[in-house]
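Colleague: Provided below for reference: sequence and predicted model.
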Amino acid sequence: MFNKIPNSRPDTPLLDTIEDPSDLRKLAPEQLTDLARELRHFLLYSVGQTGGHFGAGLGVIELTIALHYSYNTPIDQLIWDVGHQTYPHKILTGRRERMHTLRQPDGLAPFPSQSESIFDVFGTGHSSTSISAALGIELANKNAGRESHTVVVIGDGAMTAGMAFEALNHVAACQANLTIVLNDNAMSISENVGGLANYFARNISAYELDNTGPVNGEQQDRDTTPGSIFTDLGFRYTGPVDGHDIDVLLENLDALRAHSGPKLLHLITKKGKGYAPAETSPVSSHSLTKLEKQSENRETTYSSVFGEWITRKAATDNRLFAITPAMEEGSGLTQFSEQFPNRFHDVAIAEQHAVTLAAGLATGGAKPVVAIYSTFLQRAFDQLIHDVAIQNLDVLFAVDRASLLEDGPTHSGVFDYSFVRAIPNMVIMSPSNRVVMEQMLDFGFEYKGPCVVRYPRGTATTGTQESPLQLGKAHICRNGKRAAILAFGTTRNISESVAENLDLTLIDMRFVKPLDTELITELTARHELLVTIEENAIAGGAGSAVNEYVISQGLECQLLNLGVPDLFIDQDEPANMRKMAGLTAASLESQINSRL
Ligand SMILES: Cc1ncc(C[n+]2csc(CCOP(=O)(O)OP(=O)(O)O)c2C)c(N)n1
């Protein structure tokens with residue numbers, strides 16, 4: 001057991017001999033436990049240097065070794081769900097010496113990436129895609145006459161999503177030769193919740209009873225036949241077994257390989273295994289800030305402004321329900337969940353359900369607030385249209401992490417203006433600071449219909465009370481000459497100095513939908529150029545909305561749109577990603593200068 005993250009690179013003589021899994025397969029089985037210890041030590045050191053996902057990787061050290069030892073990777077294909085647990089896999093598949101570049105520009109990706117390694121069979125970041133992808137790969141291999149095994153690793157958290165069940169259903173129908181390893185650590189980011197999580201817990205109790213007998217004479221629940229849910233679906237189920245015992249793992253993987261058809265191996269593991277602080281606090285050890293940044297002050301973020309707001313609001317209105325699809329901590333909902341447990345629903349990784357549940361709550365007369373990351377709202381696009389907007393239901397969406405994020409394209413939330421704006425009945429607001437954010441949340445809460453407040457990750461700008469919030473009305477920050485900057489959300493903050501320097505008009509647009517069309521008409525009459533700026537894709541974004549209005553009215557004015565260009569911006573510090581997108585004061589100023 002490790003108690004400290006090492007500051008210097010540990011000695012790892014065995015690990016150093018492994019350039020790829022073919023070297024691993026040269027080791028004797030008795031050496032694998034020592035290798036696991038070295039791999040865990042190296043992982044602690046390496047994540048300490050770079051930051052990144054932490055607990056999940058520590059929990060699959062033995063599994064990763066056993067899989068690459070037992071299977072002939074990369075001919076046999078390993079598909080990881082979410083992919084946040086793949087650092088040990090990266091270390092064993094030729095990337096050990098590049099681990100210090102993780103999450104940096106041109107460095108290793110934080111998730112599996114097809115372009116990075118032949119061992120990364122399928123790219124991920126969002127959860128619960130692995131079984132579908134693996135089934136597709138297995139069917140294509142079979143069709144092409146390729147002899148190989150396809151193996152999936154999926155967590156109990158990821159298994160709660162509808163997509164995983166859709167795939168299980170289809171795998172059974174195809175009787176595909178697929179091995180699913182269920183890595184059950186009873187944790188999502190928070191504790192895993194729901195009927196399935198309870199069912200897995202009963203499976204584990206039954207296993208513990210068989211192995212250790214009743215603890216302190218307690219009666220344990222023996223009603224559960226472990227794995228019956230999978231057996232009934234047509235899978236050969238094995239388990240639950242100890243996912244940290246390499247011998248047990250090898251024995252079971254080898255045995256399963258002898259059978260064709262759908263198979264599921266159920267492992268019991270511990271998130272954060274082998275590092276005492278992570279085992280004790282698996283929630284806070286889901287990911288780690290790099291050591292050198294750990295002492296930085298914790299400032300008020302937009303998520304915490306939301307968390308405080310919703311807790312206050314719930315005390316005054318008992319119609320309010322908070323819904324999160326498995327992101328309680330990240331969304332700032334922990335205090336709410338403690339104070340209002342009956343009106344708090346962590347629905348597990350189930351974004352589609354989260355949105356339609358809200359539609360149902362609104363239909364029943366409650367006022368649901370769905371706290372969801374922009375990137376995960378993408379999963380619930382149809383529910384937004386079909387269940388919420390067509391029925392014009394009273395649902396408030398608090399859309400967090402709507403910004404470029406260091407994890408790169410899988411997690412950056414830069415499409416929501418575009419896809420939400422296309423839906424009739426939706427109102428979309430975006431705050432430039434924490435004061436206006438609270439006004440927007442209040443407004444959205446009172447508003448009778450579907451409403452989005454979208455905000456970025458990070459420290460919330462302090463603000464002062466300005467003009468009151470009115471539906472579809474912007475705020476004029478300053479009047480200037482020749483050009484007007486129409487800033488959406490926090491881009492107002494980088495626009496202020498430019499507007500001052502060049503003596504331009506600056507508008508905090510506040511609403512993406514409905515737009516302040518009256519003001520836009522007026523601005524076109526007294527400026528040569530309207531400049532829109534937003535941290536969202538230019539394609540279909542807020543600037544597009546302004547263009548559409550200007551064109552539809554035949555207004556005479558030049559237009560310049562700044563936002564995220566039509567490409568996926570790779571992982572980096574968000575400040576650098578913004579630079580890459582041209583979302584800086586310097587870029588704004590030079591683009592305006594060249595237009596004028
Ligand atoms: C669609 C989607 N929703 C939410 C997330 C955020 N998320 C990342 S990891 C995780 C928990 C996954 O739990 P599990 O599959 O059990 O893996 P563990 O971390 O426990 O190993 C969540 C909710 C995500 N990646 N994708």
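Modeller: Done, it's in.

Colleague: residues near the closest residue to F419 other than its chain neighbours, how many?
Modeller: Of all residues not flanking F419 in the chain, F381 sits nearest, at 6.0 Å (C-beta to C-beta, 6 or more residues apart in numbering). Every residue, glycine included, has its C-beta placed from N, CA and C. When neighbours are counted by other C-beta atoms under 10 Å, F381 registers 18.

Colleague: distance between the one helix or strand F381 maps to and the chain's centre?
Modeller: Per DSSP states H and E, F381 falls inside helix 381-383. Relative to its chain's centre, helix 381-383 lies at 18 Å (C-alpha atoms, centre = their mean, to the nearest Å).

Colleague: which residues sit in contact with the closest residue to the ligand within the stretch 351-500 of the chain?
Modeller: With C-beta to the nearest ligand atom as the measure, F376 is the residue of the stretch 351-500 of the chain nearest to the ligand, at 4.6 Å. Contact analysis of F376 by C-beta atoms under 8 Å, 6 or more residues apart in numbering lists 126, 325, 327, 351.

Colleague: show me the contact partners of the host helix or strand of A140.
Modeller: Taking DSSP H and E as the definition, A140 sits inside helix 130-143. Contacts to helix 130-143, defined as C-beta under 8 Å, 6+ apart, come from residues 77, 79-81, 121-122, 124, 148, 150-154, 158, 163-164, 166-168, 170-171, 174, 176-178, 180.

Colleague: one more time with 6 Å
Modeller: For helix 130-143, contacts defined as C-beta atoms under 6 Å, 6 or more residues apart in numbering pick out 77, 79, 81, 122, 148, 150, 152, 154, 164, 167, 171, 176, 178.

Colleague: since we're on the last one, how many residues are nearby?
Modeller: As a burial measure, the neighbour count of L178 was computed by other C-beta under 10 Å and equals 26.

Colleague: do the helix-or-strand element of the chain with minimal mean pLDDT and the ligand meet?
Modeller: None of the helices or strands of the chain scores lower by mean pLDDT, DSSP states H and E than helix 195-212, at a mean of 79. No - Helix 195-212 lies out of reach of the ligand by C-beta under 6 Å from any ligand atom, never closer than 9.3 Å.

Colleague: mind giving me the packing neighbours of that helix?
Modeller: Here helix 195-212 touches strand 236-242, going by 3 or more C-beta pairs under 6 Å, 6 or more residues apart in numbering; DSSP states H and E.

Colleague: before we move on, back to that, now find how far off-centre the helix holding A140 is within its chain.
Modeller: Centre-to-centre, helix 130-143 and its host chain are 24 Å apart (C-alpha atoms, centre = their mean).

Colleague: contact residues of the stretch 251-400 of the chain facing the ligand?
Modeller: For the stretch 251-400 of the chain, the residues in contact with the ligand (C-beta under 6 Å from any ligand atom) are 271, 326, 349, 376, 379.

Colleague: which positions in the stretch 51-200 of the chain make contact with the ligand?
Modeller: 56, 59, 82, 84-85, 126-127, 155-158, 183, 185, 187-189.

Colleague: ok, now with 5 Å
Modeller: Within the stretch 51-200 of the chain, the positions lying close to the ligand (C-beta under 5 Å from any ligand atom) are 56, 82, 126-127, 155-158, 185, 187-189.

Colleague: now the two most distant members of those residues.
Modeller: Farthest apart among these by C-beta to C-beta are H126 and N185. That separation is 19.4 Å.

Colleague: neighbour count for those two, which is higher?
Modeller: A count of neighbours by other C-beta under 10 Å puts N185 above the other of H126 and N185, at 24 against 20.

Colleague: need the contact list for that one.
Modeller: N185 is in contact with 59, 269-271, counting by C-beta under 6 Å, 6+ apart.

Colleague: mind running it again at 8 Å?
Modeller: Counting by C-beta under 8 Å, 6+ apart, N185 touches 59, 155-156, 268-271, 282.

Colleague: which of those fall within strands?
Modeller: Assigned to strands by DSSP state E, the following of the contacts of N185 qualify: 155, 268.

Colleague: out of the contacts of N185, which is most surrounded?
Modeller: Comparing the contacts of N185 on neighbour count, G155 comes out first with 31 neighbours (neighbours: other C-beta under 10 Å).

Colleague: pretty sure that one contacts A186?
Modeller: No - between G155 and A186 there is no contact under C-beta atoms under 8 Å: 9.9 Å.

Colleague: what is the neighbour count of E147?
Modeller: Neighbours of E147 (other C-beta under 10 Å): 8.

Colleague: three-state assignment of it?
Modeller: Of the three states, E147 takes coil according to DSSP: H, G, I helix; E, B strand; the rest coil.

Colleague: how close does it get to H100?
Modeller: 37 Å (C-beta to C-beta, to the nearest Å).

Colleague: residue ranges with poor pLDDT in the stretch 251-400 of the chain?
Modeller: Scanning the stretch 251-400 of the chain for pLDDT under 70 picks out 291, 293-297.

Colleague: all helices of it, in order?
Modeller: 276-280, 302-316, 334-339, 351-363, 374-377, 381-383 (DSSP state H, counting those that start in this stretch).

Colleague: now, of the ones you listed, which is deepest in the fold?
Modeller: Among the helices of the stretch 251-400 of the chain, judged by mean count of other C-beta atoms under 10 Å, the one packed with the most neighbours on average is helix 374-377 (a mean of 25).

Colleague: could you say which helix or strand holds Q591?
Modeller: Element membership for Q591, per DSSP H and E: helix 585-595.

Colleague: ok so, going back, ok, which of the helices of the stretch 251-400 of the chain comes nearest D232?
Modeller: Closest to D232 of the helices of the stretch 251-400 of the chain is helix 351-363 (C-beta to C-beta; 22.3 Å).

Colleague: isn't H286 right up against G55?
Modeller: Yes - counting by C-beta under 8 Å, H286 touches G55, with 5.3 Å between them.

Colleague: who touches both of these two?
Modeller: In contact with both H286 and G55: K271, using C-beta under 8 Å, 6+ apart.

Colleague: more crowded one of the two?
Modeller: Per other C-beta under 10 Å, whichever of H286 and G55 has more neighbours is G55, with 26 against 21.

Colleague: which residues touch that one?
Modeller: If you count contacts by C-beta under 8 Å, 6+ apart, G55 has them with 187, 271-272, 278, 282, 285-287.

Colleague: now G364
Modeller: For G364, the contact set (C-beta under 8 Å, 6+ apart) is empty.
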